[in-house]
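> Here is a sequence together with a model predicted from it:
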Amino acid sequence: MRRLLIVLAAVAVLAGGALTAYIVHRLHQSADERGSTTTDYVPTEAAPKPPPPDVPWPTYGFSPDRTRSVQIALRPPFRTVWRYQAGSLIEFPPSIGYNRLFFSTNKGTFAAISARTGKYAWKYHAHRCVAASPAIGPHAHGTVYEAFLNQPPCNAQNGGHGVDGEVIAFGVGHGKIHWQQRIGPSESSPLLVGNRLYVGDWNGDVWAFDANHGRVVWHRHVAKGAIKGALAYAGGRLYVGAYDGHVYALSRTGRVVWKGSAQPRLFGGSYFYSTPAVAYGRVYIGSTDGKVYAFGATDGHRLWSHSTGGYVYASPAIWQQRVLVGSYSGNFFAFDTGTGEVRWKFHAGGPISGSAVVVDGVVYFATLHEPHLKNGRTYALDARTGKELWTFPDGKYTPVVAERGKLFLIGYGVVYGMVPKQ
């Protein structure tokens, strides 16, 4: 019996040692990784091609690379000139074109309203859940594309009976449907590149449609988990994150060029809800493991990672070698695009889920909720220093889009048309 107890004790010690070694190894694997400006880094970027004058904000994140930054002479403080009551939550921001704002509410109403007055022009009741921004293109004298989820309940799991989604192309004038296609449930804001429209879905699939007629050009099963964020495009490639813990680069024919991975975790997984932003030869993206990552756009090599203290559902904005992104921890960060080091940090009054936008060197983001407020708050910070410039007592997710002379602020269920105070 004594000999057995000695053997069991020895086994326990060995097992404990092995477990400790495993934990230490996993913690080491998940430690923040510092980047370098000598690997897969292009410190200068060519000026992006501006959108056409009649479509000042054509897509989620402003441009196909989803860098979420625009140079318009427009700075706070602002005053409200009109309000549009949407009736339910606006989770994703409008796109702007043909003197109108186009957006969806969570209850499935797709609306077009006047950018000048806020009066609605037309509505479409999809009877589906929606969590995406539309894309606007010139096809058929102006077409707006939106992706739709399943029919309510909105938390229905993928694979259930009758669970599907749609992509619909509307005429901008009166909302006439040009074409529609059934896909998996999709909260992937459509990406328009030339005559191709790209969308991901919960099934882990990516779809390419002919933007004019809706014909399926190709359809690829890419990921083992859902694709919930939007695709980004730069340098002839498509980039997207998925709920299998990977970021993918695809050719324009749908071939997977590379697959990058989040860092291993001691417990739980890593899910990419964030839409990637592509700049400086890199792909920047947030993860539910609480980190922001940079991958090489050429080969998918993980270049740096940095913890934020909470989930990062937000999509990064890129401005003057800064990665600007918020976290559920309530902190908003400016990371160095080359090394991942923190340039500055701002502590907001509540968790941050939505994505930031930079307009004229001012970065805007919103909190989900704050004490003594019905909803969240919108913050405007100097993107260079993190200094607070202005706040507004409404907000929830991605808070603003803009055109020359006007800022459009998105509250919980209200769109505010704003102009600078004189």
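Sure thing, it's come through.
> list the buried ones in stretch 123-140?
124, 126, 128-140 (16 or more other C-beta atoms under 10 Å). Where C-beta positions appear, they are placed from N, C-alpha and C, glycine not excepted.
> Looking at those residues, which are in strands?
124, 135-137 (DSSP state E).
> Need the max-distance pair from the buried residues of stretch 123-140.
C129 and P138 (28.9 Å; C-beta to C-beta).
> in the sheet, who's paired with the residue lying closest to Y293 once chain neighbours are set aside?
In space, and not counting its chain neighbours, Y293 is closest to S305: 5.0 Å by C-beta to C-beta, 6 or more residues apart in numbering. Taking DSSP bridges as the rule, S305 bridges to E33, Y293.
> can you count the residues close to S305?
Burial of S305 is recorded as 22 neighbouring residues (other C-beta atoms under 10 Å).
> now swap in the one 10 residues further on and tell me
Counted with other C-beta under 10 Å, the neighbours of S315 add up to 29.
> residues contacting it?
61, 66, 68, 229, 274-277, 285-286, 325, 355 (C-beta atoms under 8 Å, 6 or more residues apart in numbering).
> where does the stretch 151-300 of the chain have low pLDDT?
155-162, 266-268 (pLDDT under 70).
> ok so, going back, of the contacts of S315, which belong to strands?
Per DSSP E, the contacts of S315 map to strands at 277, 285-286, 325.
> of those, closest to R75?
Once C-beta to C-beta is applied, the member of the ones in strands among the contacts of S315 that ends up nearest R75 is V325, at 21.6 Å.
> isn't Y120 right next to A111, touching?
Yes. Y120 lies in contact with A111 (C-beta atoms under 8 Å); the separation is 5.8 Å.
> Comparing those two, which shows the higher neighbour count?
Using other C-beta under 10 Å as the criterion, Y120 and A111 rank with A111 on top: 23 against 15.
> for the residue lying closest to V193 once chain neighbours are set aside, what are its contacts?
The shortest distance from V193 to any non-neighbouring residue, by C-beta to C-beta, 6+ apart, is to Y233 (5.1 Å). Counting by C-beta under 8 Å, 6+ apart, Y233 makes contact with 64-65, 191, 193, 198, 239, 278.
> do the same with D164
By C-beta under 8 Å, 6+ apart, the neighbours of D164 are 150, 182-185.
> Roughly how far does it sit from R128?
For D164, the distance to R128 equals 9 Å [C-beta to C-beta, to the nearest Å].
> Give me the common contacts of these two.
With C-beta under 8 Å, 6+ apart as the test, D164 and R128 both reach N150.
> Show me which positions of stretch 221-241 end up buried.
222-223, 225-234, 237-241.
> Stretch 375-389 too?
Within stretch 375-389, judged by 16+ other C-beta under 10 Å, the buried ones are 375-381, 383, 386, 389.
> Next, format those as a markdown table and append pLDDT, distance to G97 and secondary structure.
Converted to a markdown table, those look like this (pLDDT from 0 to 100; distance: C-beta to C-beta, whole Å; DSSP: H, G, I helix; E, B strand; the rest coil):
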| residue | pLDDT | distance to G97 | secondary structure |
| --- | --- | --- | --- |
| N375 | 86 | 27 | coil |
| G376 | 92 | 27 | coil |
| R377 | 96 | 29 | coil |
| T378 | 97 | 23 | strand |
| Y379 | 98 | 27 | strand |
| A380 | 98 | 24 | strand |
| L381 | 98 | 28 | strand |
| A383 | 98 | 26 | coil |
| G386 | 98 | 32 | coil |
| L389 | 98 | 28 | strand |
